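Chemist: kindly return the folded structure for what I paste below:
(one chain, ligands or ions: 2)
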Amino acid sequence: MAAQIDGVFETGLQKKIAESKVLVIGAGGIGCEILKNLVLSGFQDIEIIDLDTIDVSNLNRQFLFHKEHVGKSKANVARESALTFNPNAKITAYHDSITTNNYGVNFFQQFSLVLNALDNRAARNHVNRLCLNAGIPLIESGTAGYNGQVELIKRGLTQCYECFPKPAQKSYPGCTIRNTPSEPIHCIVWAKHLFNQLFGESNEDEDVSPDTADPEAGAEAGNAALEADANDKGNVDRVNTRTWAKQCEYDPEKIFNKLFFDDINYLLSMSNLWKNRTPPKPSKWDTLQAGEDGEDVIMEDSVVRDQKVLSLGESAKVFAQSIKALKEAFAKLPEDDHLVWDKDDKFGMDFVAACANIRAQIFGIPQKSRFEIKSMAGNIIPAIATTNAITAGIVVMRAFQVLQEEYDKCNTVYVRLRVNGRNQFIVPESEIIPPNPKCYVCADKPQVVLKVDTQNLTVREFRDEILIKALNMISPDVTLDGTGTIVISSEEGETDCNNDKKLAEMKIVDGCILKADDFLQNYELSITVLHKEPGREEAPFEIVADPDTLKPKEEEEAAASSSASAAFDDAQPSTSKGLNGSSANGSKATVNEIEDDTDDLYIVEDDEEDGKPSGSKTVEKRKHTSDRDVEPTSKKAKISSQPPEDEDDDDDLTIIE
Ligand SMILES: Nc1ncnc2c1ncn2[C@@H]1O[C@H](COP(=O)(O)OP(=O)(O)OP(=O)(O)O)[C@@H](O)[C@H]1O
Ligand SMILES: [Zn+2]
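Modeler: Ligands and ions are numbered 1, 2, ... in the order given. This next block holds a predicted model:
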C-alpha cells in the first residue's frame with residue numbers, strides 16, 4: 001500500500017488511519033470509488049453496506065464490478081474486489097438496508113466516522129439521525145452529472161442533513177395528468193400511475209381515470225359524464241381500477257378499450273375542457289390490427305427498438321405483451337404484495353413506454369422513443385464516472401481532516417462543471433454552516449407544529465403521510481401528552497384499532513401535544529397540533545418547524561391576501577415548505593412526477609455571485625432555498641428556481657448512459 005509506506009502521509013495521520021474504523025454506506029457510483037480510496041490510503045478496518053445487487057447498467061462506472069458479478073450483492077463483490085488491492089485490510093460487507101433495526105445507535109458508535117454514498121433522501125435522513133445521536137461525524141456526498149458535493153455533518157458544529165427544508169419535488173396538477181395532458185411527460189407520469197394502479201402500490205392520489213372534480217370542467221360536465229356511467233337504476237357503479245382489471249383477468253383488449261376508448265369518450269363528454277383545446281381521439285383495439293402490425297417489433301433487438309418511435313399498432317402489441325408478463329409476475333406474489341416499477345425492469349418499462357405513447361397519440365402529443373421515455377420516467381441525468389471519482393477523492397481527503405480533528409477546515413465543497421472567476425472548479429463554501437437552532441431533528445428538544453383538520457385526518461394517515469413520509473420516521477410510537485394515551489405503537493397490531501379513527505376521536509384536537517418517538521432512530525419529536533378547517537385548495541396538512549413563525553389567525557389571513565408576504569413566508573428557512581402536504585397548486589389532486597425518493601429533485605444553485613467566492617450573503621441565500629446543491633449520486637433530475645449563471649446547457653439533458 002503506497003499510503004503505508006512511510007513518508008507518504010505524515011506519521012500522526014498514518015497512525016490514525018491505521019487505527020480507525022469506518023463505515024461506508026452505499027456501494028454504487030461513489031461508494032466503489034470511496035472504498036478503493038480508503039483501501040489504498042491504508043485504512044485497515046472498513047465496513048460497507050448496500051442493499052442492492054449489481055445491474056448491467058452499473059458496470060460502466062462502478063469499476064469494482066464486472067460482467068460476471070451481475071446479480072450478486074454489491075457490498076460483497078465490492079469487498080472482494082477491494083481486498084485485491086490490500087488483502088490485509090479487514091473489510092466487512094453487509095448486503096442489507098441501513099434502515100433496518102440491525103443498525104441502531106450502538107452499531108454506529110463503533111465507528112470513527114461514517115461515509116455516505118447513498119442515492120435517496122429517506123436513507124440519508126435516517127443515517128443523519130443515527131450519526132447525530134451516536135455523536136459520530138458523517139461525511140455526506142453526492143453527484144448529479146457534472147456537479148458534486150461533499151459535506152461534513154457533525155453534531156453541534158455543522159448544519160445537519162435536515163436543518164433546512166428541501167425544495168418540494170416537481171409535481172403536476174392531478175387534473176392535467178388525468179384529464180388534459182399536453183406534454184409527453186404528462187403521459188409518462190400517467191402511465192407510471194397506471195402501473196401502480198394495476199400492479200403496484202396503489203395510491204388514491206394517483207388515480208388515472210377521468211377526474212370529474214376538475215374545476216375547469218365545471219360541475220355540470222362532471223355530472224353529465226357520470227350519468228353516462230349510470231346503471232339501470234341510475235346509480236354509478238365505480239370499482240377500483242385494479243379490482244376491475246382482476247375481474248377481467250388483465251385482458252389487454254378490455255383494458256385497452258377502457259383506458260383508451262371508454263375513458264377518453266368520458267373525457268370528451270366533459271365538454272368545457274375542450275373549448276380551447278384540441279379534443280382527444282379515442283382509440284379502439286379492434287381498429288388497430290395490433291396483432292399483425294406489432295409482431296416484428298416484439299422480436300426486434302431491444303437496442304434498436306429502444307431508439308424507435310413505434311406506431312399505435314406496435315405500441316398496442318407491446319402493451320399487450322407487457323401486461324401479460326406483469327400479470328404473471330404479479331400473480332406469483334403473496335396476496336397483499338405488489339410490484340415496484342423500475343426503469344430497468346423490461347416489462348415495467350415496456351408497459352410505461354407503450355401506455356405513454358398510446359395516450360400521447362390520442363391527445364395529439366409528440367411521441368417519444370422508449371429510450372427517451374426511460375430517461376424521463378426515471379428522472380435520469382447521466383452519472384459521470386469522473387465526477388464520482390473526484391467527489392469520492394474529496395470525501396477521503398475530508399476523512400483525513402476529521403481523523404485529525406481539523407473540523408474547522410471541513411467546509412462543504414462543490415464540484416462544478418466549469419471553473420469560476422477564481423479558476424476553481426472545486427469550490428469550497430466560505431464558512432462552515434452552523435446548525436439551525438430550530439431544526440426539528442438536531443435541536444436540543446426537537447419540535448414542530450402540525451396544522452391539520454383533526455376532524456378528518458385518520459390516525460393511519462397521520463402515521464403514513466405525516467410521520468413517515470413528511471417527517472422521515474421509520475417506525476414511530478406516539479403518545480398523547482398529558483393523558484399518556486398510546487395513539488400509535490410500533491409493535492405490530494398493538495394499536496391497529498386506532499388506525500381508522502379520526503384524530504379528534506382520539507381526543508387529539510387543537511392545542512394538544514403529541515410525543516412521537518422512533519426507537520430505530522433514537523429520535524423524539526414533540527408535535528403541537530393546531531386544528532385547521534379544511535379548504536378546497538389547501539394542502540391537507542402543514543408542518544411548521546419553527547413555532548415562532550406562526551402568527552395569530554387574523555394576521556395570517558391578512559398575510560395570505562398579500563402575495564408579497566406569502567412569498568416572504570415561503571422563504572423562511574424554518575417554515576416547512578418542503579414538509580407540508582401541499583404541492584405546486586396547493587391542491588391535494590396534485591401528483592408527484594417522481595414517486596420514490598431515489599428520484600428526488602434538488603435545486604442546483606450556483607454558490608457564487610458574479611464569479612466571486614461566496615460570502616455570508618450567499619450562505620444566507622442557500623439557507624433560505626436549498627442547503628444542498630446536489631442530490632447525491634447518479635440519476636437525479638435537477639430543477640433550478642433560477643438557473644445557475646455559469647451552467648452549461650448540457651446539464652439540462654436527460655440521458656441515460
Ligand atoms: N437504505 C439503503 N441501505 C443501503 N444501501 C442503500 C440504501 N439506499 C440506497 N442504497 C445504495 O446506495 C447506492 C447508491 O449508488 P448509485 O447512486 O450509484 O446507485 P446505483 O443504483 O448503483 O446506480 P443508478 O441508480 O444510477 O442505476 C446504491 O448501490 C444503492 O443500492
Ligand atoms: Zn439539523
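Chemist: going forward, measure contacts between C-alpha atoms and count neighbours the same way
Modeler: OK.
Chemist: quick one: the closest residue to ligand 1 within the stretch 401-550 of the chain from ligand 2, how far?
Modeler: Nearest to ligand 1, among the residues of the stretch 401-550 of the chain, is I474, at 11.5 Å (CA to the nearest ligand atom). According to CA to the ion, to the nearest Å, I474 stands 18 Å off from ligand 2.
Chemist: for K553, give me the pLDDT.
Modeler: Looking at K553, its pLDDT is 50.
Chemist: what residues are up against whichever residue of the stretch 151-300 of the chain sits closest to ligand 1?
Modeler: Proximity of the stretch 151-300 of the chain to ligand 1 (CA to the nearest ligand atom) peaks at Y161, 15.6 Å away. For Y161, the contact set (CA atoms under 8 Å, 6 or more residues apart in numbering) comprises R124, N125, N128, I153.
Chemist: check K36 too.
Modeler: K36 sits next to A82, F85 when contact means CA under 8 Å, 6+ apart.
Chemist: equivalent analysis for K16, please.
Modeler: Contacts for K16 (CA under 8 Å, 6+ apart) come out as L403, Q404.
Chemist: what are the buried residues along the helix or strand where it lies?
Modeler: Using DSSP states H and E, K16 sits within helix 11-19. Residues of helix 11-19 classed as buried under the neighbour-count rule (16 or more other CA atoms under 10 Å) are Q14, K16, I17.
Chemist: do stretch 240-253 as well
Modeler: T241, R242, A245, Y250, P252, E253.
Chemist: can you check the pLDDT for the fifth one?
Modeler: What it means is P252. So, for P252, pLDDT stands at 95.
Chemist: name the SS class of the closest residue to it other than its chain neighbours, please.
Modeler: In this structure, P252 finds its nearest non-sequential neighbour in A320, 5.1 Å apart by CA to CA, 6 or more residues apart in numbering. Of the three states, A320 takes helix under DSSP: H, G, I helix; E, B strand; the rest coil.
Chemist: now for A320, how many residues are close by?
Modeler: A320: 22 surrounding residues under other CA atoms under 10 Å.
Chemist: please parse the chain into its domains.
Modeler: 2-168+382-428, 174-225+237-378, 447-549 (the TED database).
Chemist: buried deepest among those domains, which one?
Modeler: Highest mean neighbour count among these (mean count of other CA atoms under 10 Å): domain 2-168+382-428, with a mean of 20.
Chemist: how about it and ligand 2, any contact?
Modeler: Yes. With CA under 5 Å from the ion as the measure, domain 2-168+382-428 is seen reaching ligand 2 through C160, E162, C163.
Chemist: mind listing the strands for the stretch 51-200 of the chain?
Modeler: Under the criterion DSSP state E, counting those that start in this stretch, the stretch 51-200 of the chain contains strands at 90-95, 113-116, 138-144, 147-153, 171-172.
Chemist: now render these as CSV, adding mean pLDDT and distance to G378.
Modeler: Shown next, in CSV, are those (pLDDT from 0 to 100; distance: least, CA to CA, whole Å):
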stretch, mean pLDDT, distance to G378
strand 90-95, 98, 24
strand 113-116, 98, 22
strand 138-144, 96, 14
strand 147-153, 97, 19
strand 171-172, 72, 14
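Chemist: select, out of those, the one closest to K67.
Modeler: Proximity to K67, assessed across the strands of the stretch 51-200 of the chain by CA to CA, is greatest for strand 90-95 (19.1 Å).
Chemist: and the closest one, what does it pack onto?
Modeler: strand 45-50, helix 74-83 (3 or more CA pairs under 8 Å, 6 or more residues apart in numbering; DSSP states H and E).
Chemist: taking the stretch 251-400 of the chain, what residue is nearest to ligand 1?
Modeler: For the stretch 251-400 of the chain, CA to the nearest ligand atom, closest residue to ligand 1: A383, 6.3 Å.
Chemist: pLDDT value on that residue, please?
Modeler: As predicted, A383 sits at a pLDDT of 86.
Chemist: is it true that it touches N147?
Modeler: No. Using CA atoms under 8 Å, A383 is not in contact with N147; the gap is 9.9 Å.
Chemist: what segments of the stretch 251-400 of the chain are helices?
Modeler: Counting by DSSP state H, counting those that start in this stretch, the segments of the stretch 251-400 of the chain that form helices are 252-257, 263-269, 290-299, 302-307, 312-331, 346-362, 370-377, 385-403.
Chemist: pick out the shakiest of the ones you listed, pLDDT-wise.
Modeler: Note on those: helix 290-299 shows the lowest mean pLDDT, a mean of 54.
Chemist: pLDDT weak spots in the protein?
Modeler: 1-5, 168-171, 218-239, 289-303, 380, 535-538, 549-657 (pLDDT under 70).
Chemist: what residues does it have near ligand 1?
Modeler: By CA under 6 Å from any ligand atom, the residues of the chain that approach ligand 1 are 25-29, 49-52, 58, 96-99, 117-119, 123, 633-635.
Chemist: restricted to helices, list those.
Modeler: Secondary structure from DSSP state H places G29, A123 of the residues of the chain next to ligand 1 in helices.
Chemist: about what we covered before: so who does the closest residue to the residue of the stretch 401-550 of the chain closest to ligand 1 other than its chain neighbours touch?
Modeler: Spatial nearest neighbour of I474, chain neighbours left out: I468 (5.9 Å); criterion: CA to CA, 6+ apart. Residues near I468 by CA under 8 Å, 6+ apart: I474, S475, P476.
Chemist: same thing with N88?
Modeler: Neighbouring residues of N88 by CA under 8 Å, 6+ apart: Q44.
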